[in-house]
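Peer 1: model the following, please.
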Amino acid sequence: MPERRANAYIWVTWLTRLLVGENSCEWAAWFRANHEGWSYEKVPSDFDATTWQLNHTALLNRIRSELEVDGKTVFTENQNSFSLRGASATLGGKPDLITSSGGKGTIYDAKTGRPSPSHHIQVMAYMYAIPRALRQYSGVEFDGKVVYEDSEVVIPAAAIDETFIDNLGQLIRRVASATPARKVPSAMECGFCNITKADCPERAAGDVMEEGETSDF
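Peer 2: The predicted structure is shown next:
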């Protein structure tokens, strides 16, 4: 039986698709936030993690090399791990790359897949959390960059406004609540979710999309 956490712990990436409406099932994030990851079974993944890791690392190394050529000091992945404790939950994450100097900084996230608004939100969550969670960045104003193979998206520091912080905080409180969040099973979302039917009996078949026919067009 899944073991409840003493306090809710939320990984940034569990929230990003929910914040931009790409996902609707807050229950999946609630379940992960409130239960120890080692205590429940996971759906086996057929995602080629090795290929993804190789491609991601290559892109990360390219970005870091370009920054270092420009004379910047770059902090990478594990050096950037953070835990930001709030009244309702702890928010955790690990930005790919961070540079800072003179009270200004940039947080970089490398993406090898198709561009998505959730990627921007992920970096924005890091921009919010890092100066609050890591002492060495206290007071630093961060811009963000989502870097793809052949393009990049710049996110200005001003994007971390009251509206973003309020939306992030509201979602965290819902996901951290003792009361289970809303469950919205669908073939598309369940197909990318690793929570099994043992813990989510309503789980939809991930490889089945219902189809119909019409003579109207």
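Peer 1: and the worst-scoring helix or strand of the chain on mean pLDDT, how far out from the chain's middle?
Peer 2: The helix or strand of the chain with the lowest confidence, counting by mean pLDDT, DSSP states H and E, is helix 187-190 at a mean of 92. Mean-position distance between helix 187-190 and its chain equals 18 Å (CA atoms, centre = their mean, to the nearest Å).
Peer 1: and the contacts of the top helix by length along the chain?
Peer 2: Secondary structure assigned by DSSP state H gives helix 49-69 as the longest helix of the chain. Residues outside helix 49-69 that contact it (CB atoms under 8 Å, 6 or more residues apart in numbering) are 74, 76-77, 96-97, 99, 108, 110, 112, 147, 149. To be clear about C-beta, it is placed using only N, CA and C from the backbone, and glycine gets the same treatment.
Peer 1: let's see it at 7 Å
Peer 2: 74, 76, 96-97, 99, 108, 110, 112, 147, 149 (CB atoms under 7 Å, 6 or more residues apart in numbering).
Peer 1: show me what counts as buried in that helix.
Peer 2: Going by neighbour count (16 or more other CB atoms under 10 Å), the buried part of helix 49-69 is 59-60, 63-64, 67.
Peer 1: are any of the contacts of helix 49-69 buried, and if so which?
Peer 2: The neighbour-count test (16+ other CB under 10 Å) marks 74, 76, 96-97, 99, 108, 110, 112, 147 as buried among the contacts of helix 49-69.
Peer 1: and of those residues, the nearest to K197?
Peer 2: Nearest to K197 among the buried ones among the contacts of helix 49-69 is T112, at 30.9 Å by CB to CB.
Peer 1: thinking again about what came up before, now render the buried residues of helix 49-69 as TSV, adding pLDDT.
Peer 2: Below are these laid out as TSV (pLDDT from 0 to 100):
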residue	pLDDT
L59	97
L60	97
I63	97
R64	97
L67	97
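Peer 1: in CSV, list those residues along with distance to T179.
Peer 2: Below are the buried residues of helix 49-69 laid out as CSV (distance: CB to CB, whole Å):
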residue, distance to T179
L59, 40
L60, 39
I63, 42
R64, 43
L67, 45
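Peer 1: with respect to P185, which of those residues is nearest?
Peer 2: Distance to P185 across those (CB to CB) is lowest for L59, with 33.9 Å.
Peer 1: inside strands: which ones of the contacts of helix 49-69?
Peer 2: 76, 97, 99, 108, 110, 147 (DSSP state E).
Peer 1: hey, what's the fourth one bridged with?
Peer 2: On the basis of DSSP bridges, Y108 takes part in beta bridges with L97, K145.
Peer 1: doesn't N80 make contact with it?
Peer 2: No. The criterion here is CB atoms under 7 Å, and Y108 misses it with N80 at 10.0 Å.
Peer 1: in the protein, which spans are helices?
Peer 2: Going by DSSP H, the chain shows helices at 16-19, 26-34, 49-69, 117-133, 162-176, 187-190.
Peer 1: among those helices, which is nearest K42?
Peer 2: Per CB to CB, nearest to K42 of these: helix 26-34, 10.4 Å.
Peer 1: residues contacting the closest residue to R174 other than its chain neighbours?
Peer 2: Spatially, and ignoring its direct neighbours in sequence, R174 is nearest to A181 (5.3 Å; CB to CB, 6 or more residues apart in numbering). The contact partners of A181, taken as CB under 7 Å, 6+ apart, are 26-27, 30, 174-175.
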